[in-house]
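[1] attaching a predicted model along with its sequence, questions to come.
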Amino acid sequence: MPIGEFGGAPPLATEGSPVLTTPMYWMYEMAHASLNPARAVTDATKILFQNPMNPWAHTEVGKSVAAACELFERTTRRYGKPEWGIDDTEVNGIRVPVEIRPVWEKPFCKLLYFDRKFTRPLRSPQPRVLIVAPMSGHYATLLRGTVEAFLPAHEVYITDWADARMVPLSEGRFDLDDYIDYVIEMLHVLGGNTHVMAVCQPSVPVVAAVSIMEARRDPFVPTSMTLMGGPIDTRRNPTAVNKVAQERGIDWFRNTVITKVPFPHPGMMRDVYPGFLQLNGFISMNLDRHMDAHKRLFANLVKGDGDLVDKHRDFYDEYLAVMDLPAEYYLQTVDTVFVKHALPKGEMTHRGTRVDPSKITRVALMTVEGEKDDISGLGQTEATHGLCSSIPDHRRVHYVQKGVGHYGVFNGSRFKSEIMPRIHDFMVSAANPKAALALAAE
């Protein structure tokens, strides 16, 4: 990720020395493989004690054995990329089938289009939205609820980032400059009259991409830009996540969490921040809560409470599915956003050119924050307004949702009932350059 005067991507520790960087990932793979015989025995035992012809299946002991087997299977499983599971939506009171297909693709990303198959055309076009999903460990399917909320009244596109371990080394590196280029290319593919929405981590590269497009007077600049819980200026109300990055510095991350993809994955020998280490970090922050959730799963399996069991499965099937991140991208994001605060200081560059958000004049701006966000603290996203000083006041909105944390900013009941309608009103109003947007914040 070349960041101007910082002189390109930080060099990886032991660059070119796979003997020192690979064993951590190899040991993880071997440990996972070594559990396969135990998993096979456990699966057979579970089937035995769930068979209605087995008298033990109807006893407390039998149900407890089957529940223990499921817990072992779920805690030792490698979770693959989840399915979107969006087959239809409701538009103007009518159920409409949805086809998900890629409309643009590069080695590290696909642009997915949720094509609603109308039997007759709409009376008027609906806002076209490009949702830029986080490239921060989880798959884009984490925003399934976000997409579902937009589909009834919007034409929806979303970035589907690739798992770095699945990208061959021959495809080259991927850094922050590439990320910004990808966003600009996608906006060009969509051909203008598009609203872009960044969820959390993409806020910085999206602001950079729009700033660059405005400086170039690009005709495909988006109509509006919505930033949700993004770390624009992490000096404001720093959270525990921000403080860790600031205190440890980039060298700690470079030396501690970067490793090489082992055989037999397609991305063998690529430098990555592996998903299993990310997951360890996710879980360790709230270990007690996750342990309690699995204790409840055991109890509910024994009781036969199918609804609660299904809710647990749905959540953890998504939560435990993680992907590897390209080392160049990860390290520069940490360095640029959390350590050096390059964007708010005016020091961030893209391929040698300074990123200047004050160049943004044609794009309406909305920022959304959660009152209880413990990832991006209050004020970090709002800081965008100070950087985008050339956007007229009547073309900007800031909204704080009471009572929600980071996840609630873009998903859940309050997002659907309180945040989503405001974003929709903002996007509709933004299509009129003279419209006032203040009502969206009320």
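    It's in.
[2] neighbours of Glu90, how many?
    10 (other Cβ atoms under 10 Å). All C-beta atoms are positioned from the backbone trio N, CA, C, and that covers glycine.
[3] nearest residue to it other than its sequence neighbours?
    Closest residue to Glu90 apart from its sequence neighbours, by Cβ to Cβ, 6 or more residues apart in numbering: Pro152 at 5.6 Å.
[4] wait, doesn't that neighbour sit right on Val91?
    Yes. Counting by Cβ atoms under 8 Å, Pro152 does reach Val91; the two are 5.4 Å apart.
[5] so what's the one residue sitting closest to the centre of the chain up against?
    The chain has Pro134 as the residue nearest its centroid, 2.8 Å off, counting by Cα atoms, centre = their mean. Residues in contact with Pro134 (Cβ atoms under 8 Å, 6 or more residues apart in numbering) are Leu142, Val199, Cys200, Gln201, Pro202.
[6] picking up where we left off before, any idea how far the residue nearest to Glu90 is from Ser390?
    Look at Pro152 and Ser390: by Cβ to Cβ, to the nearest Å, they are 34 Å apart.
[7] next up, phi/psi of Ile86, please.
    Phi and psi for Ile86, reported as degrees, to the nearest 10, are phi -110, psi 100.
[8] which ones are touching Met186?
    Trp104, Leu111, Leu130, Tyr157, Thr159.
[9] which parts of stretch 144-155 are buried?
    Using 16 or more other Cβ atoms under 10 Å as the test for burial, stretch 144-155 gives Arg144, Gly145, Thr146, Val147, Glu148, Ala149, Phe150, Leu151, Pro152, Ala153, His154, Glu155.
[10] burial measure for the closest residue to the fifth one other than its chain neighbours, as a count.
    Here the nearest residue to Glu148 in space, its sequence neighbours aside, is Ile86; by Cβ to Cβ, 6+ apart that works out to 6.3 Å. Neighbourhood size, Ile86 [other Cβ under 10 Å]: 16.
[11] if I look at Ile86, how far off is Asn193?
    24 Å.
[12] please apply the same query to Asp292.
    Counting by Cβ to Cβ, the gap from Asp292 to Asn193 is 48 Å.
[13] for Arg351, same thing?
    27 Å.
[14] and Ala436, what's its pLDDT?
    In this prediction, Ala436 carries a pLDDT score of 54.
[15] go on, the one 4 residues further on?
    Reading off the per-residue confidence, Ala440 sits at a pLDDT of 48.
[16] could you do Gly16 as well?
    43.
[17] residue ranges with poor pLDDT in the stretch 151-300 of the chain?
    In the predicted model of the stretch 151-300 of the chain, residues 285 satisfy pLDDT under 70.
[18] farthest-separated two in the contacts of Met186?
    Trp104 and Leu130 (10.7 Å; Cβ to Cβ).
[19] Pro262 contacts Glu29, correct?
    Yes. Between Pro262 and Glu29 there is a contact under Cβ under 8 Å: 5.6 Å.
[20] count residues in the vicinity of Arg351, would you?
    12.
[21] hang on, the earlier thing: in TSV: the buried residues of stretch 144-155, plus distance to Met323 and secondary structure.
    As requested, the buried residues of stretch 144-155 are exported to TSV (distance: Cβ to Cβ, whole Å; DSSP: H, G, I helix; E, B strand; the rest coil):
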residue	distance to Met323	secondary structure
Arg144	16	helix
Gly145	19	helix
Thr146	18	helix
Val147	18	helix
Glu148	22	helix
Ala149	24	helix
Phe150	23	helix
Leu151	24	helix
Pro152	29	helix
Ala153	30	helix
His154	26	coil
Glu155	27	strand
